[in-house]
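Chemist: What follows is a predicted structure for the sequence shown.
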Amino acid sequence: MYDMNILIKEMKEFWLVLAFLILGYFVLQFDIVAFWVYKIFLGLLPIVITITLGIITYFFWLHYIRANFISGIDWVLLEIVPPRDVERSPKAMELFITNALYHTSMKSGLELYWQGAVWFWFSLEIASIDGQVHFYVRTPTRTKGLLETQIYAQFPQAQVKVVEDYTLAVDKISPESKWNLWGCEFSLLKPDSFPIKTYVDFGLDKDPKEEYKIDPIAPVIELFGSIGKGEQMWMQIVVTPSKKEYPVHAGIFTKTHDWVKQAEMELDKIAKPYTKIEHFPDGSIQKSGRTPDSVRPLIDAINRKMMKVGFDTGIRVCYVAKKEVFDMSNRRNIRLIFRQYAQPYINQLERINSTQADAFGTNFLATFFPLSNKKVMRLADRMLEEYREREFFHPPMRHKIHLPWPISPVLFPNFFHHHINVLNTEEIATLWHFPGQILKVPTLERIESKEASPPTNLPI
């Protein structure tokens, strides 16, 4: 005979399962729960629909007023002609970037949600037109005077002049166009907290003698100056003060923090395997540990990046040429212009979003299902449009609709979603600064007179 004590013990242990079984029986017999679920669903449905429509309306409204605000910004393209003898290190350019481009402000609710106000962004550019190399800065007209004064403060012999946008000379990329274009964007391979190799790593912060300088921008200028008539090479670094947010999931809620806090968390993650935590009877905790020498360069690099101002940054390059002189080797060459900044153990820039036949697939898929020439031209024309608009931070609405592959390339075959990284002033100044005297590229325009001085009518 079955022991009743054992039965009662098992019932106590599995009472929750039994309760669900009993509840399921009554639901099947009398349909009680289904009735109330149906009633609750009908009652909540109008509320859910209203909230959903309200959220969608809010995002569309915010996009509309921001687009309207941005359309009212007047832009100007400044060409900066460096002096014949650049005797200052990229640290001077870093100071210019910090003082001239870091524009932040506290926006009121009226400005944010009614006027659509946004922070300004700037584009630092190097362009080669038929082999003639130029330095440009695209800026809102409101900040033009500040940029001029800050350039002259660091490079008194330089010349700043307003020029027409060089991209306007290239018409729409299509089968009927006389132009062809290949372009791509660049992104950090590892998290934003990990820096690329900078001018400090090349020893340029110490102002060595000219003959001993190793300038990482020299290969870029040499490549840009080597192209021939009918060819163009463009590079743009679009920056704005960093507002990038990094999510942290805490239960059902999601918190966000800035790039500096993210760097601190990365440091904690790196140090954790080498940290010993001791708990004492009085409740106190003591941490001790020593990271191995192999990890120290990584920790030092992250610490150094945190110490300087950060910008949200997008990087894009293009090779543009008349169809009869378009050189595939130059297309390959331009995508390698950032190789010298790579620190494989720490971080490096990698090519993304290129306008070519394997744009949306893996090597295997691209072999059997490459994009048609028509779609490749769409990608190229979209790249031209986005370069001309210096578009990264406030893209069209289609960029805010993220669909998985392969749905995205089917519905949106002619554009990519941008990727924005945080670079500090040291990294940006490494990528964009005037080369020293050791670089003797005849096609790089320079001011010949060393005695030139800044104009006397600068804005105060």
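Modeler: Structure's in. What do you need?

Chemist: Tell me where the longest helix sits in this structure.
Modeler: When the chain is parsed with DSSP state H, its longest helix is helix 32-71.

Chemist: could you show me where the strands are in this protein, in order?
Modeler: For the chain, applying DSSP state E gives strands covering 75-81, 122-129, 132-140, 159-163, 179-188, 231-241, 246-250, 253-257, 275-279, 285-289, 310-322, 349-352, 421-424.

Chemist: Columns mean neighbour count on top of those, output as a markdown table?
Modeler: All C-beta spots, glycine's among them, are computed from the backbone N, C-alpha and C. A markdown table is the format used below for the strands of the chain (neighbours: other Cβ atoms under 10 Å):
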| stretch | mean neighbour count |
| --- | --- |
| strand 75-81 | 17 |
| strand 122-129 | 22 |
| strand 132-140 | 20 |
| strand 159-163 | 14 |
| strand 179-188 | 22 |
| strand 231-241 | 23 |
| strand 246-250 | 11 |
| strand 253-257 | 10 |
| strand 275-279 | 10 |
| strand 285-289 | 9 |
| strand 310-322 | 24 |
| strand 349-352 | 16 |
| strand 421-424 | 24 |
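
Chemist: In CSV, list those strands along with mean pLDDT and distance to residue 171.
Modeler: Output for these, formatted as CSV (pLDDT from 0 to 100; distance: least, Cβ to Cβ, whole Å):
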stretch, mean pLDDT, distance to residue 171
strand 75-81, 95, 18
strand 122-129, 96, 15
strand 132-140, 95, 20
strand 159-163, 94, 19
strand 179-188, 93, 6
strand 231-241, 96, 13
strand 246-250, 76, 41
strand 253-257, 78, 43
strand 275-279, 77, 60
strand 285-289, 73, 62
strand 310-322, 95, 11
strand 349-352, 92, 26
strand 421-424, 95, 31
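
Chemist: Mind checking these for the one nearest to residue 380?
Modeler: Closest to residue 380 of those, according to Cβ to Cβ: strand 179-188, at 4.3 Å.

Chemist: Quick one: list the elements packing against the closest one.
Modeler: strand 310-322, strand 349-352, helix 373-389 (3 or more Cβ pairs under 8 Å, 6 or more residues apart in numbering; DSSP states H and E).

Chemist: Redo the ones you listed as TSV? Include distance to residue 93.
Modeler: Listed next are the helices and strands packed on strand 179-188 as TSV, based on distance: least, Cβ to Cβ, whole Å:
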stretch	distance to residue 93
strand 310-322	13
strand 349-352	18
helix 373-389	22
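
Chemist: Which one of those lies nearest to residue 192?
Modeler: In terms of Cβ to Cβ, the element of those nearest to residue 192 is strand 310-322, at 8.2 Å.

Chemist: so how far is that closest one from its chain's centroid?
Modeler: In this view, strand 310-322 has its centroid 11 Å away from the chain centroid, taken as Cα atoms, centre = their mean, to the nearest Å.

Chemist: Let's see it as CSV, backbone CA atoms only.
Modeler: Presented in CSV, the C-alpha positions along strand 310-322 are these (Å, rounded to 0.1, in the frame of the first residue of the first chain):
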residue,chain,number,x,y,z
GLY,A,310,36.5,63.3,-27.9
PHE,A,311,34.5,63.8,-31.2
ASP,A,312,31.9,61.6,-32.9
THR,A,313,33.7,60.9,-36.1
GLY,A,314,32.9,59.6,-39.6
ILE,A,315,35.5,58.9,-42.2
ARG,A,316,35.0,58.6,-45.9
VAL,A,317,37.3,58.4,-49.0
CYS,A,318,36.5,58.5,-52.7
TYR,A,319,38.5,57.9,-55.9
VAL,A,320,36.8,59.8,-58.8
ALA,A,321,37.9,59.8,-62.4
LYS,A,322,36.8,60.2,-66.0
